[in-house]
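[1] Quick one, structure for this:
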Amino acid sequence: MEITASELKSVLNTMDGTGRLNLQEFRHLWNKIKQWQMLSPQGIFKHYSADQSGSISSYEMRNAINDAGYRLNNQLYDIITIRYANESMNIDFDSFISCLVRLEAMFSKWSPDCNPR
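    The predicted structure follows:
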């Protein structure tokens with residue numbers, strides 16, 4: 001898995017809009033990525049990519065988002081699928097992490113008392 005400079009910049013801007021992370025923000029982001037990652041035994045992505053294809057279906061993505069602690073309405077799930085799924089309606093690991101980082105940033109910004117998992 002590789003991340004491009006533009007993807008990293010996008011992730012950093014998503015966190016607080018400044019493009020910078022302090023140590024506490026970095027630690028929080030790193031712990032979330034470890035929780036979500038493919039290589040972790042309890043990793044959400046790994047659980048839903050049981051066939052080891054490196055991607056999950058848009059239906060599995062809904063369940064994975066729920067397992068990550070986010071409860072969204074159907075319209076938001078559809079928007080996420082449009083944004084992150086490929087032409088086969090599958091989401092790869094990089095897109096999965098990008099989506100969850102954005103959800104984390106939105107939930108923490110709009111609902112500071114909301115702390116999914």
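[2] List the buried residues in the lengthiest helix in the chain.
    The helix that spans the most residues within the chain, counting by DSSP state H, is helix 93-110. Neighbour-count burial for helix 93-110, counted by 16 or more other CB atoms under 10 Å, picks out 93, 95-105, 108. Where C-beta positions appear, they are placed from N, C-alpha and C, glycine not excepted.
[3] those strands in the chain, which residues are they?
    55-57, 90-92 (DSSP state E).
[4] Take the ones you listed and lay them out in TSV including distance to residue 24 and mean neighbour count.
    What follows is the strands of the chain, written out as TSV (distance: least, CB to CB, whole Å; neighbours: other CB atoms under 10 Å):
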stretch	distance to residue 24	mean neighbour count
strand 55-57	30	21
strand 90-92	29	21
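[5] Burial check on residue 53, number of neighbours?
    10 (other CB atoms under 10 Å).
[6] Identify the residue spatially nearest to it, adjacent ones excluded.
    residue 90 (7.8 Å; CB to CB, 6 or more residues apart in numbering).
[7] Residue 63 now?
    residue 48 is the one closest to residue 63 (CB to CB, 6+ apart), at 6.5 Å.
[8] Give me the nearest residue to residue 61, chain neighbours excluded.
    Excluding its sequence neighbours, the residue lying closest to residue 61 (CB to CB, 6+ apart) is residue 91, at 5.0 Å.
[9] picking that back up, if we only consider the buried residues of helix 93-110, which is nearest to residue 70?
    residue 103 (5.3 Å; CB to CB).
[10] thinking that closest one is in contact with residue 70, fair?
    Yes. Counting by CB atoms under 8 Å, residue 103 touches residue 70, with 5.3 Å between them.
[11] any weak-confidence spans in the chain?
    When residues are selected by pLDDT under 70, those of the chain lie in 1-19, 35-42, 109-117.
[12] quick one, helices of it?
    Secondary structure of the chain (DSSP H): helices at 5-16, 23-36, 44-48, 58-67, 74-84, 93-110.
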